[in-house]
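1. Here is my input, please return the structure:
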Amino acid sequence: MPPPDSGAIDVALLTLLQTDAALLAAMPDGVWYDVAPAGAARFVIVSLLHEADASGFEGRAFEDALYLVKAVARSTVSTAHADVKAAATRIEALLERQVLTVDGYTSLLMERRERVRVTEVDDVDQDLRWYHRGGHYAVVMSTQ
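-> Next up is the predicted model:
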């Protein structure tokens, strides 16, 4: 029997975040995998940073993935920073020690391993700032 599709974990994580009304209220430009669309100013990015498989007697026993999950907002005022903080708090509530439901898998662990907080000056408009807040989240799933 082949192992379940690892991409289903990505989809489940995205779906969890994309369907949360409180997160979307703070980040109305949506939740995206790797890259937000042009023109987006308040959004969440999810990226797979690292993934390791462990073998068992019948094949792959579990998958241990590390995702970057962060809220990003562009602004010239400090209110965007408040939106990013609220979004990061909501991301943590959705992921920290929660159960992710994925067909073919059993959720073993979801937890933040590192905090992310960065402020960047916009390359084009020096008056604009990009605020990033979130974390590196471990998602460990059993295939057996």
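2. mind checking the longest helix of this structure?
-> In the chain, with assignment by DSSP state H, the single longest helix is helix 79-95.
3. now the angle from the helix or strand following that one to helix 79-95?
-> Next along the chain after helix 79-95, taking DSSP states H and E as the criterion, comes strand 106-121. Relative orientation of strand 106-121 versus helix 79-95 (axes from the mean of the first three to the mean of the last three CA atoms, to 10 degrees): 170 degrees.
4. Disregarding residues adjacent in the polypeptide, which is nearest to residue 60?
-> If the residues on either side of it in the chain are set aside, residue 60 comes closest to residue 3, at 4.6 Å by CB to CB, 6 or more residues apart in numbering. (Each C-beta comes from the backbone N, C-alpha and C, glycine too.)
5. so where's the chain uncertain?
-> Along the chain, segments meeting pLDDT under 70 span 1, 77-80, 144.
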